[in-house]
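A.B. asks: model the following, please.
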Amino acid sequence: MALFSAGEAYQFAIRIEEDGEHYYHEIAKKLKDKEAQALFNFLAEEEIKHKEKFEKMLEGIEKFEPAESYPEEYFEYLKAYADNVIFNKKKLQAEVSRVSDIPSGAQFGMEREIESIQYYSDIKRIVPPKDRGSIDKIIAEERKHFLKLVGIKGEK
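C.D. replies: You can find the predicted model right below:
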């Protein structure tokens with residue numbers, strides 16, 4: 001039984017990109033090296049572009065307004081995962097505080113992308129079959145961002 005719609009997955013994707021933008025800007029502000037600041041501001045701009053891309057994708061499908069709760073265990077797992085891993089402000093703030101240079105910032109970003117890819121891969125299991133292609137598009141975007149971060153980390 002499908003519990004999520006592609007619309008809801010895109011809403012999560014938009015929220016993840018907004019958080020990414022916030023944390024990349026925060027990292028840029030704390031670093032003293034101008035090259036590092038420019039890099040993390042660039043990554044924040046990339047998150048904005050991803051958000052805009054997901055918003056356009058969302059326009060083409062029916063918007064999902066989630067119900068208050070679902071009794072299904074798997075949905076609760078996904079919600080808890082999002083709240084405690086992807087959107088856990090305290091954890092993310094602690095990780096941002098440990099970023100001191102380009103490689104550690106790239107590692108921070110890579111970990112966020114991996115978490116997002118895992119999350120969407122799990123969501124894909126519970127959306128209607130007709131919506132799975134939309135979830136694949138989100139995953140593809142997150143993979144591109146991950147690979148970009150791998151390249152950045154490898155350069156430094």
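A.B. asks: pLDDT-wise, which helix or strand of the chain ranks last?
C.D. replies: Ranked by mean pLDDT, DSSP states H and E, the weakest helix or strand in the chain is helix 73-81, scoring a mean of 67.
A.B. asks: quick check: next helix or strand after it?
C.D. replies: Using DSSP states H and E, the helix or strand that follows helix 73-81 towards the C-terminus is helix 89-97.
A.B. asks: which other helices and strands does that next one contact?
C.D. replies: helix 6-30, helix 102-124 (3 or more C-beta pairs under 8 Å, 6 or more residues apart in numbering; DSSP states H and E). All C-beta atoms are positioned from the backbone trio N, CA, C, and that covers glycine.
A.B. asks: mean pLDDT lowest for which of the ones you listed?
C.D. replies: When those are ranked by mean pLDDT, helix 6-30 comes last with a mean of 85.
A.B. asks: next one: the residue lying closest to E95 once chain neighbours are set aside from V127, what distance?
C.D. replies: Among residues not flanking E95 along the chain, F108 sits closest, at 5.7 Å (C-beta to C-beta, 6 or more residues apart in numbering). F108 sits at a distance of 29 Å from V127 (criterion: C-beta to C-beta, to the nearest Å).
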